[in-house]
Each structure stands twice: as structure tokens, then as C-alpha cells.
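I need the structure of the sequence given here:
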Amino acid sequence: MQRDITFDAWWRFTRQYLIGDDCWEWQGKLTPDGYGYCSFMGRTHLAHRVMFLLVRGRWPKDCALHRCDNPRCGRPDHLWEGDRAANNADRDAKGRTARGARHGRWNPGSPHHLRGYLIE
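Numbers count the residues shown, from 1 in each chain. Below is the predicted model:
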């Protein structure tokens, strides 16, 4: 059952964005990956997904993706709907796939744990 969105809920949400000439930057809480998040209608959601709901009248089926690659952005024309495959393809096409030294599993120069043994 979907509840109606009240003006108060809409206002409290949208005032968390700093509206600029390009991206609309979320000013509220951020995840460790830099995505905005908030409590909206009694649940915690990623802020750009809430913006998708407010503009399009429905939740994205799988992912709300950013054309601008700014995880804090909620500008409606910067968001598009896609699935996990589209999200991964977008990441790869823009060169954001972690490989080699950028990959979290191996970072030369810092200690690592492998099967319970500390490797330095």
C-alpha cells in the first residue's frame, strides 16, 4: 500500500538540496560512498531515489543512475532509470571500475590480512 506524499514531507526533503547551476547537491547525511540518504515516509532511502519518486511518481524499478557521476546529486534531469547491468556498464564506460592498485583487495604498502595471516 502506497501512502500519499504530504507537502510537509516533500518540503522537508527538498530543502536538503543546494540547488546550483549544474548538480543539486544533497546537504544531509551521506553514506561512506558519498550518497545522500534520509528518512522519508518512515523508512531510510537514498536521496536520489526519493527525488526520482517525487518527480516521476514511482520508485525506480532497480537503480536510479547519475548522468553526472555525482553521488550527492538529485537534479531530476541528471537521474535515469536502469538495472544493475546498466549501472555496471555505465561504471565501466566511464573508467570507474577499480582495478589493480585501486582495487580494495590489494593496496601495496599497507598491511593486509589473508586467511588469518598478517602480510606486511
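
average model confidence for stretch 69-89?
If you average the pLDDT over stretch 69-89, you get 92.

can you give me the buried ones in that stretch?
Within stretch 69-89, the residues scored as buried using 16 or more other CB atoms under 10 Å are N70, P71, R72, C73, G74, R75, H78, L79, G82. Backbone N, C-alpha and C define where each C-beta goes, glycine included.

for G42, give me its contacts.
Not one residue lies near G42 by CB atoms under 8 Å, 6 or more residues apart in numbering.

grab the nearest non-local neighbour of T31.
Spatially, and ignoring its direct neighbours in sequence, T31 is nearest to Y37 (5.7 Å; CB to CB, 6 or more residues apart in numbering).

quick check, that neighbour in a helix?
No: counting by DSSP: H, G, I helix; E, B strand; the rest coil, Y37 falls outside a helix, being strand.

in this structure it contacts A47, no?
Yes: here Y37 lies in contact with A47, judged by CB atoms under 8 Å, at a distance of 5.9 Å.

least trustworthy helix or strand in the chain by mean pLDDT?
strand 117-119 (a mean of 44; mean pLDDT, DSSP states H and E).

OK, contacts around the residue most central in space within the chain?
Among the residues of the chain, the one closest to the centroid is Y35, at 4.1 Å (CA atoms, centre = their mean). Taking CB under 8 Å, 6+ apart as the definition of contact, the neighbours of Y35 are L46, A47, H48, P71, R72.

which one of the residues you listed is nearest to D92?
Nearest to D92 among the contacts of Y35 is P71, at 17.1 Å by CB to CB.

can I take it that that closest one is in a helix?
No: the assignment for P71, made by three-state DSSP, is coil rather than a helix.

separation between it and L65?
Plainly put, P71 is 11 Å away from L65 if you go by CB to CB, to the nearest Å.

for L53, same thing?
In this structure, L53 lies at 15 Å from L65, with CB to CB as the measure.

next one: C73
Separation of C73 from L65 (CB to CB) stands at 11 Å.

shared neighbours, the two?
L79.

E25 against C73, yeah?
Yes: with contacts counted by CB under 8 Å, E25 reaches C73, the gap being 6.6 Å.
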